[in-house]
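Enquirer: below are the sequence and a predicted model; questions follow.
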Amino acid sequence: MDAQGREEDRQEEEEESRRRQKAEEEERAAKKERLGLFLQKTGFQSFSEKKVKKGILSSGFSYPLHAAVEAKDAEAVELLLWAGADPSLANSKKQTPLDFAQKKNKQGSHSQVIAALAA
């Protein structure tokens, strides 16, 4: 292969690398946007925020992963884990998100969420 051919190959590799990097950046931005929408919908400010609920009869707390489990939202679980949410944090009932999903799972209702948490 001559010098011109090597140069063309190198340029093609650089272009492919730029395309891959751009696609990865776009995917990250899309994930951040979907995560932001979920957090906004569920009333959390960040993926690690502890939300305290105060009621007349009882009070408690949970985290965004628990809210995603409650909503049966496997995509939100994946996004929260991608963002760095800690799956070992327990809610006020001492349940991790996986414990909570297993308890809520009726006839496979939370199987996708459980799979996302176990991945």
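Expert: Yes, it's here.
Enquirer: could I get the full set of strands for the chain?
Expert: 51-54, 59-62 (DSSP state E).
Enquirer: give the buried residues for stretch 108-119.
Expert: For stretch 108-119, a neighbour-count test (16 or more other C-beta atoms under 10 Å) marks 110, 112-114, 116-117 as buried. All C-beta atoms are positioned from the backbone trio N, CA, C, and that covers glycine.
Enquirer: quick one, which of the strands of the chain is packed in tightest?
Expert: When the strands of the chain are scored by mean count of other C-beta atoms under 10 Å, the highest mean neighbour count falls to strand 59-62 (a mean of 16).
Enquirer: which neighbours in the sheet does it have, and how are they oriented?
Expert: strand 51-54 (antiparallel) (DSSP bridges).
Enquirer: could you give the separation of the partner strand from the chain centroid?
Expert: Centroid separation between strand 51-54 and its chain, computed with C-alpha atoms, centre = their mean, to the nearest Å, is 22 Å.
Enquirer: neighbouring contacts of that strand?
Expert: By C-beta atoms under 8 Å, 6 or more residues apart in numbering, the residues outside strand 51-54 that reach it are 43-44, 59-63, 67.
Enquirer: what pLDDT is listed against Thr96?
Expert: Thr96 is assigned a pLDDT of 97 by the prediction.
Enquirer: relative to Ala83, how far out is it?
Expert: Using C-beta to C-beta, to the nearest Å, we find Thr96 at a distance of 17 Å from Ala83.
Enquirer: what sits closest to the residue positioned nearest the centre of the chain if chain neighbours are left out?
Expert: Nearest residue to the geometric centre of the chain (C-alpha atoms, centre = their mean): Leu79, 1.5 Å. Excluding the flanking residues, the one nearest Leu79 by C-beta to C-beta, 6 or more residues apart in numbering is Leu35, at 4.4 Å.
Enquirer: that neighbour is in contact with Glu78, isn't it?
Expert: No. If you go by C-beta atoms under 8 Å, Leu35 and Glu78 don't touch, sitting 9.8 Å apart.
Enquirer: what's the biggest helix by length in the chain packed up against?
Expert: The longest helix of the chain (DSSP state H) is helix 3-42. Packed against helix 3-42 by the contact rule (3 or more C-beta pairs under 8 Å, 6 or more residues apart in numbering; DSSP states H and E) you find helix 64-70, helix 74-83.
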